[in-house]
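J.: give me the fold of what follows.
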Amino acid sequence: MNTLAGDWWESGSWWQLVVTIAASIAVGILGAWAALRSSNPKRQLTWRVRSNTPLMSVPGDPQGSELAVTFFGTPLASPRIVELVIANSGRRDITAAMFHDAQPLRFDFGAPVCTILDVTTSPAGSIRPTFDTAGWHIVGDDTSGECWVDVLPTLLSKGQEVVLSVLVDGDEKPVDLVRFPLVDVTPVSEAPGERSRALAEALSRTSIYLGPVRIRVRSDRP
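T.: Residues are numbered from 1 along each chain as shown. This next block holds a predicted model:
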């Protein structure tokens, strides 16, 4: 009896049966996982500040010269250019219908927003988002407009990246995502990158135009 049991246990047919059962179980688990992943696609929105660059230092140097920045003729006390990157890093498109109750995404810059200087989107052919600018205002010396940028409901394709260059007037503050109405989408905040756009070439010129923004070097010396 012991001999027969040993022969059966050590036979190749037994191990073949074990391997077949294990393979069947593995295929079943993988199939269930694939079906679950397909029916519940992961959508993810990633955002980060790529650069936060002051346009001028503390005014009033010993030589009597300083850098002056105006916006529609209004002097800005502490102008900065903030580059915000928004990317669809998930496996599926994010559609405009996924913005609950048609509410926009809202990014708070911690300082009054003057304008969006530039918007780029990649890859080529992807839809450029639109923004709500109703809260921004500059009247005389009043730059106390809203501190946020609203991204209106839009299609963000899989792999799409949007870069906003925003002019703000105020000290450097973290940019916060304060409204996230997207349904079935995970927000992810990446750490700020080490890259920062150099403004040395632009600031070395006497006068530069960025749409309505004028940057010039002012000298009080005769």
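J.: and residue 151, what does it touch?
T.: Counting by C-beta atoms under 8 Å, 6 or more residues apart in numbering, residue 151 touches 86, 104, 105, 106, 107, 129, 130, 131. Using the backbone N, CA and C atoms, a C-beta is placed for each residue, glycine as well.
J.: and it, bridged to which residues?
T.: Using DSSP bridges, the beta-bridge partners of residue 151 come out as residue 105, residue 131.
J.: make residue 1 into 32 and carry on from there
T.: New numbering, starting at 32: the last item is residue 182.
J.: residue 148 versus that one, what's the distance?
T.: 16 Å (C-beta to C-beta, to the nearest Å).
J.: swap in residue 129?
T.: Taken as C-beta to C-beta, the span from residue 129 to residue 148 is 28 Å.
J.: and what of residue 204?
T.: 18 Å.
J.: tell me the phi and psi of residue 129?
T.: phi -80, psi 0 (degrees, to the nearest 10).
J.: what's the burial count for it?
T.: 17 (other C-beta atoms under 10 Å).
J.: can I see the domain layout of the chain?
T.: The chain resolves into domains spanning 33-70, 76-250 when parsed by automatic domain parsing.
J.: worst average pLDDT in these?
T.: When the domains of the chain are compared on average pLDDT, domain 33-70 comes out lowest at a mean of 58.
J.: show me the helices in the chain, by range?
T.: All helices of the chain, identified by DSSP state H, fall at 33-41, 43-70, 231-234.
J.: could you measure from the closest residue to residue 180 other than its chain neighbours over to residue 113?
T.: Computed as C-beta to C-beta, 6 or more residues apart in numbering, the closest residue to residue 180 that is not its neighbour in sequence is residue 138, at 5.0 Å. Distance, residue 138 to residue 113, using C-beta to C-beta: 10 Å.
J.: does residue 76 have beta-bridge partners, and which?
T.: Under the criterion used (DSSP bridges), residue 76 bridges to residue 119, residue 218.
J.: can you check the one 4 residues further on too?
T.: The partner list for residue 80 in beta bridges (DSSP bridges) reads residue 115.
J.: just to check, it is in contact with residue 208?
T.: No: taking contacts as C-beta atoms under 8 Å, residue 80 lies outside contact range of residue 208: 11.1 Å.
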